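Chemist: could you look at this predicted model? Sequence included:
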Amino acid sequence: MAKLRYLGHSAFYLVGVGLMALIDPFLSGPTAAAKPDDFTDINYIFLTHGHGDHIGSTIEIAKRCGATVFSCNELAAFLASKGVKVEGMHIGGRAKFPFGRVKLIPAWHGCPVIDGTETRYGGVACGFVIEVDGKKVYHAGDTGLTMEMSLLADENIDVACLPIGGYYTMDAEDAARAVKMIKPRIAVPMHYNTFPVIKADPQEFAKFVGIGQTETKILDPGESIAF
Ligand code: NI
Ligand code: MN
């Protein structure tokens, strides 16, 4: 059984056999439910893109724990230059790892490399399908609604983590349309209420999703689901 703990914003702690992972570990925001120092045995980090509210404490945690960071190839090259172990995959690519397979999913969003005061090309933003314990988790990263999501219907996604805050990403209404395309067993809203411009009501998202094959699980920062 895999376990997913929401750490606020788009950050999650995902645990299964052979996997103690963080996804987009931005742990300094107003809704963060953990601190970087809380994690001592992380073996993998999944990084959807280079914006500060996603890369967060990636470099610090990866170096301290000796964790390997999954990201698109260009962002991985930057992380490697900072002394971090990386898997620099790319969009549509799938590969097998000791805990299970990983696939990079298109996301319509930017992906800068921010190095001090300099902003450079960092490849493209992505989402991930992460397989662990025979289950599939889709973390969309930051993205607008895209037709590519309909391809995920055949993947039998167990848990889909979707941004609902609007402004930079899908809002609750578009995220519910994404749910209809992806058809996951469980949908978890993320990327909302961290900052004023991404204020959103997760209950509204649940209402748009409605009652059907997908169950909406609204997690408060710090809460977990086992699946
Ligand atoms: Ni972003
Ligand atoms: Mn973001």
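Modeler: Cool, got the structure. Ligands and ions are numbered 1, 2, ... in the order given.

Chemist: residues of the longest helix anywhere in the chain that come out buried?
Modeler: Looking across the chain with DSSP state H, the single longest helix is helix 172-182. For helix 172-182, burial by neighbour count (16 or more other Cβ atoms under 10 Å) applies to 172, 174-176, 178-182. (Each C-beta comes from the backbone N, C-alpha and C, glycine too.)

Chemist: which other helices and strands contact it?
Modeler: Under the contact criterion of 3 or more Cβ pairs under 8 Å, 6 or more residues apart in numbering; DSSP states H and E, helix 172-182 touches strand 159-163, strand 186-190, helix 202-209.

Chemist: on that earlier part again, could you dump the buried residues of helix 172-182 to JSON lines with distance to T31?
Modeler: Shown next, in JSON lines, are the buried residues of helix 172-182 (distance: Cβ to Cβ, whole Å):
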{"residue": "A172", "distance to T31": "17"}
{"residue": "D174", "distance to T31": "22"}
{"residue": "A175", "distance to T31": "18"}
{"residue": "A176", "distance to T31": "22"}
{"residue": "A178", "distance to T31": "22"}
{"residue": "V179", "distance to T31": "22"}
{"residue": "K180", "distance to T31": "27"}
{"residue": "M181", "distance to T31": "27"}
{"residue": "I182", "distance to T31": "25"}
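
Chemist: nearest to ligand 2, of the residues you listed?
Modeler: A175 (13.9 Å; Cβ to the ion).

Chemist: so the closest one versus ligand 1, what's the distance?
Modeler: 15 Å (Cβ to the ion, to the nearest Å).

Chemist: now swap in C72 and tell me
Modeler: With Cβ to the ion as the criterion, C72 and ligand 1 are 13 Å apart.

Chemist: need the contact list for the closest residue to that residue other than its chain neighbours.
Modeler: In space, and not counting its chain neighbours, C72 is closest to G123: 3.9 Å by Cβ to Cβ, 6 or more residues apart in numbering. Counting by Cβ atoms under 8 Å, 6 or more residues apart in numbering, G123 touches 71-75, 90, 111.

Chemist: next one: A175
Modeler: 145, 162-164, 187, 189, 205, 208.
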